[in-house]
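Student: Structure of the sequence below:
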Amino acid sequence: MSIENLLLKYKLTAEAEGSSAKTFAHVNLSVRLFSDFLGGITDAGQVTADDLRHFIVYLRQRPKWTGKRKQKNEKLSANTINTYVRGIKAFWAWLEREEIIKDIHNGTLSNNYKIEPKIRKFIEKRLKPNPKRSAF
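Tutor: Coordinates of the predicted model:
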């Protein structure tokens, strides 16, 4: 299925869930930029975390307002780059929830964004109920 068709399906889901048009526009722009960077995505299930890393490196080197008359030598801000990445990750998480891509945790996009084991252990330790503390 083409990225355009997947984005239309994502838009339908976003509208049904009550997301704003602005939210969809942000995800749409992020995914299209990513797809253009990769030369067009024909199989979303084959996109890897390394593809996203290459895209981030590209964005860090890209000047603001590429292709516009007011293009400057300034680079995109870290916030702008993070915004693009969040949009891409939201879209891929939706692909997984909808089971459009099935084996996402086998080296594809979301695999390298798991919580580090030390952090997971710390969180689990903090979330365990303490028998010494009373609920009241």
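
Student: what about the protein, any weak spots by pLDDT?
Tutor: 66-72, 103-136 (pLDDT under 70).

Student: again, only using 90
Tutor: 1-3, 40-49, 61-78, 80, 96, 98-136 (pLDDT under 90).

Student: What is whichever helix in it runs longest packed up against?
Tutor: Using DSSP state H, we find that the single longest helix of the chain is helix 78-97. If contacts are counted by 3 or more CB pairs under 8 Å, 6 or more residues apart in numbering; DSSP states H and E, helix 78-97 sits against helix 3-16, helix 21-37, helix 49-61. In short, each C-beta sits where N, CA and C put it, glycine included.

Student: Now render these as TSV, adding mean neighbour count and distance to R86.
Tutor: Shown next, in TSV, are the helices and strands packed on helix 78-97 (neighbours: other CB atoms under 10 Å; distance: least, CB to CB, whole Å):
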stretch	mean neighbour count	distance to R86
helix 3-16	15	14
helix 21-37	16	8
helix 49-61	15	12
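
Student: out of these, nearest to N73?
Tutor: Ranking these by distance to N73, with CB to CB as the measure, places helix 49-61 first at 11.5 Å.

Student: which helices and strands sit right next to that closest one?
Tutor: helix 21-37, helix 78-97.

Student: Just send those back as TSV, with distance to I3 too.
Tutor: Formatted as TSV, the helices and strands packed on helix 49-61 follow (distance: least, CB to CB, whole Å):
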stretch	distance to I3
helix 21-37	5
helix 78-97	9
